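**Q** Got a sequence here, can you build the structure:
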Amino acid sequence: MRHKSLPIISKAWTLFLDRDGVINQEKHNDYINTWEEFSFYPGVLQAMSIVAPLFNRIIIITNQRGVGKGLTKLEDLLAIHSNLKREVEAHHGRIDDIFHCADLDDNSINRKPNKGMALQAEKRFPDINFSKSIMVGNTLSDMQFGRNIGAYTVFLPTTRPEVDLHHQHIDMVFPSLLEFAKAISNKV
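**A** This is a model prediction of the structure:
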């Protein structure tokens, strides 16, 4: 844990979460193609129950290039997201929506680090204020996305040990989503 201290949040805040490497185990150099391949990180369901009452909106934003490559079927991705939401809710958590980008082009407005998925979320939920938001991710692309929308950024070094934890786009580092949730709940 380092850098800028965590902000004091209120119910006006939005929590943006990456999916693979934050919520679930990431497959190295591969994609999660079906629900059977999906595996929550330890503590994630508890973390989601901790953050649910703290934030106005909880949004997952995820690049899913596997769909664009034809490796993941869209209906399987939607089933993963439906099951993910159901499991989180069964453990007293909440996800307001999940936005994905299947585009192959890195310049796509919707592909992180570009802010298209955040703009989709803002269109769906006009009460989102990007300056009152936190982005939690496990890649520098996630951190750049956070910077692009003016969010506070939290890096989880779950899958990218090579990332410089002092990078200018990282505001704070936690070992897991659960540790972040415990820390933010103490800032309310």
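**Q** Which SSE is immediately downstream of the helix or strand bottoming out on mean pLDDT in the chain?
**A** Every helix and strand of the chain was ranked by mean pLDDT, DSSP states H and E. The lowest is helix 65-68, at a mean of 93. Using DSSP states H and E, the helix or strand that follows helix 65-68 in sequence is helix 74-90.
**Q** Might you calculate how far that following helix sits from the centre of the chain?
**A** 15 Å (CA atoms, centre = their mean, to the nearest Å).
**Q** Stretch 88-99 now?
**A** Centre to centre, stretch against its chain (CA atoms, centre = their mean), the figure for stretch 88-99 is 12 Å.
**Q** ends of that stretch, how far apart?
**A** 16 Å (CA to CA, to the nearest Å).
**Q** if we look at it, which residues are touching it?
**A** With CB atoms under 8 Å, 6 or more residues apart in numbering as the test, stretch 88-99 has contacts from 19, 45-49, 51-52, 57-62, 81, 84-85, 117, 120-121, 124-125. Every C-beta, even on glycine, is put in place using the N, C-alpha and C of the backbone.
**Q** at 7 Å what do you get?
**A** 45, 48-49, 52, 57-61, 81, 85, 117, 120-121, 124-125 (CB atoms under 7 Å, 6 or more residues apart in numbering).
**Q** Can you point out the buried residues in it?
**A** The neighbour-count check on stretch 88-99 (16 or more other CB atoms under 10 Å) flags 88, 93, 94, 95, 96, 98, 99 as buried.
**Q** Residue 32: which of the residues you listed is nearest?
**A** residue 98 (13.2 Å; CB to CB).
**Q** ok so the closest one is a helix residue?
**A** No - Residue 98: not assigned to a helix; according to DSSP: H, G, I helix; E, B strand; the rest coil it is strand.
**Q** could you measure it against residue 33, distance?
**A** Applying CB to CB, to the nearest Å, the value for residue 98 to residue 33 is 16 Å.
**Q** What count of nearby residues applies to residue 104?
**A** 11 (other CB atoms under 10 Å).
**Q** my guess is it meets residue 63, correct?
**A** No - assessed by CB atoms under 7 Å, residue 104 is found out of contact with residue 63, at 10.3 Å.
**Q** Understood, closing this out.
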